[in-house]
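> Pasted the sequence and its predicted model underneath.
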Amino acid sequence: MAIMLAKTMDANTSNNTEVWMEQILKKIEKLMLEHDAISPELIKKKDIKLGLRNPDGSGVVAGITSKGIVIGYEKIPNPDGTHTVKPVEGKLYYCGYDACELAQRIQEEGRYGFDEITYLLLTGELPNKKDLERFEEVIAERRPLTKLERAIIMQEDVNYNQMYALHSVISHLSRCDPDPDSTDIKDVSRQCINIIAKAPVIIAYNYNVMKFRKGGDLFITKPNPAWSTAENFLYLLRGERPDEYEAKLFDLALMLHAEHGGGNNSTFAVRTVTSSGANTYMALCAGVASLSGHLHGGANEAVMKMMKDIKQHVKDWNDDEEVEHYLKLMLEKKAYDRSGKIYGIGHAVYTKSDPRAIIFRQKAEEFAKMKKNLDEFNLFAKVADIGSRLVQKYKGTVASPNVDFYSGLIYKMMGIPMELFTPIFAMARFSGWSAHRIEQIIHNKIIRPAYASSLDEFKEYIPLEKR
């Protein structure tokens with residue numbers, strides 16, 4: 001009887017707690033909206049650069065870097081001391097080199113280039129043949145996972161969300177490091193190179209473990225030291241060596257995603273966490289965490305989901321008027337997710353063009369011909385062209401397709417599952433993140449921007465019984 005009474009009391013307490021919790025949540029929501037909502041007038045009055053963006057949309061300069069430069073507009077001075085933003089064709093530079101030219105020249109020479117781009121970002125110099133061979137050997141030697149590192153992946157309770165799994169494994173790699181908290185440049189460089197080398201293996205293994213937990217066969221094999229990063233990743237994912245065309249196309253994607261300046265959300269997160277004195281594993285996990293957000297890393301997934309919806313609602317994919325009509329409905333928040341967005345169109349910096357998207361469009365068309373998938377590519381191209389024009393008309397900004405508009409289509413034609421689109425982005429970006437981490441350590445200055453108060457007055461304490 002006493003036991004039954006105790007259980008009843010426990011159940012009642014639990015039910016009451018849930019009711020109270022719901023009441024607290026509603027009150028928090030109400031008060032947060034009441035106190036924390038910011039009016040545009042207040043932002044202008046206090047000269048706040050919300051999101052670290054200037055009123056003209058350009059980024060606030062918060063640091064300096066030699067790693068990546070992103071150009072999408074020019075600032076033209078006005079007589080009154082202000083300036084006008086002029087859209088220009090996009091450019092991306094890695095350590096002073098045109099990134100797209102680099103990638104294309106490497107491919108013209110018939111080579112895999114991701115390791116070479118990584119070397120450039122870490123050192124600031126293009127390697128000579130001997131240095132490149134040595135660096136490739138270093139990467140190959142560090143690529144296989146140790147027994148403990150494999151166990152970390154197998155011990156994950158749930159690997160279904162691949163970005164969660166990647167974040168967890170990278171953080172736990174500190175357990176395999178004899179001096180994980182060192183901020184000595186030599187130790188940090190070693191840690192970064194290890195993570196860059198192992199990331200493709202971790203991502204492939206994470207996905208295979210997830211499939212196994214869903215009832216599939218478990219496929220875990222070791223990387224081949226004679227193969228490139230791109231070849232190894234596709235091999236570890238599929239169980240067979242990819243053909244040269246697909247491997248080099250994937251290598252191109254890694255090269256073009258490796259770095260994008262210090263101001264993008266994930267790289268800035270890495271630099272901010274680095275500036276506090278945090279270790280390499282925590283700093284790079286900050287990049288993974290940032291990239292998991294749909295406004296930054298999940299853009300190609302968003303494009304693929306949007307295109308699936310467009311395919312369902314546009315009966316004739318070749319009809320420009322029908323495509324334009326549906327895109328107008330999207331921009332007017334009357335179709336798809338009613339966000340008013342055409343995903344993959346527009347960029348925080350690029351205006352007239354994203355140089356990476358130009359290359360990806362050409363490669364996507366070439367690959368689609370090989371895969372007999374031109375109908376789908378042509379629909380993508382039509383949405384890109386019409387969508388860019390409509391965004392400019394509806395929103396008054398010059399916009400063009402960004403790199404993520406075509407990357408998802410390329411991955412899909414490769415047979416890569418959508419769950420891996422963002423982890424692949426992270427796989428490439430570990431190189432850029434690492435370069436920025438090292439640079440931030442050298443700069444040795446904690447990042448601490450100021451926030452203006454939205455409150456009009458300070459408050460006096462009121463005793464509990466009088467509230």
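Noted; the coordinates are in hand.

> For the stretch 1-150 of the chain, just list every one of the helices.
For the stretch 1-150 of the chain, the helices defined by DSSP state H, counting those that start in this stretch occupy 2-36, 40-45, 99-108, 114-123, 129-142, 147-154.

> For residue 171, find the nearest of those.
The minimum distance between residue 171 and these falls on helix 147-154, with 9.6 Å, by C-beta to C-beta. Backbone N, C-alpha and C define where each C-beta goes, glycine included.

> Pick the most deeply packed of the helices of the stretch 1-150 of the chain.
For those, average neighbour numbers computed from mean count of other C-beta atoms under 10 Å are highest in helix 114-123, which has a mean of 24.

> Run through the stretch 251-400 of the chain and note the low-pLDDT ranges.
By pLDDT under 70, the stretch 251-400 of the chain contains no weakly predicted segment.

> Now do the SS call for residue 405.
Using DSSP: H, G, I helix; E, B strand; the rest coil, the structure places residue 405 in helix.

> Ignoring the adjacent residues along the chain, who's closest to it?
Nearest residue to residue 405, sequence neighbours excluded (C-beta to C-beta, 6 or more residues apart in numbering): residue 344, at 3.2 Å.

> ok, the one you found - how many residues close by?
Here the number of neighbours of residue 344 (other C-beta atoms under 10 Å) works out to 29.

> Run through the residues that contact it.
Residue 344 makes contact with 299-300, 302-303, 306, 384, 401-402, 404-406 under the criterion C-beta atoms under 8 Å, 6 or more residues apart in numbering.

> element containing the residue most central in space within the chain?
Centroid-nearest residue in the chain: residue 297, 2.9 Å away (criterion: C-alpha atoms, centre = their mean). Under the criterion DSSP states H and E, no helix or strand holds residue 297.

> Please work out which residues outside stretch 182-199 touch it.
Taking C-beta under 8 Å, 6+ apart as the rule, stretch 182-199 contacts 118, 122, 138-140, 142-143, 145, 149, 166, 170, 173, 177, 179-180, 277, 279-281, 284, 426-427, 430-431, 434, 437-438, 441-442.

> so what strands line up beside whichever strand in the chain runs longest?
Looking across the chain with DSSP state E, the single longest strand is strand 83-94. Strand 83-94 sits in its sheet next to strand 68-77 (antiparallel), strand 97-98 (antiparallel), going by DSSP bridges.

> neighbours around residue 289, how many?
Neighbour number of residue 289 under other C-beta under 10 Å is 19.

> Look up the closest residue to it, ignoring the ones flanking it.
Leaving aside its chain neighbours, residue 289 sits nearest to residue 167 (6.0 Å; criterion: C-beta to C-beta, 6+ apart).

> before we move on, which element is that neighbour in?
Taking DSSP H and E as the criterion, residue 167 maps to helix 162-172.
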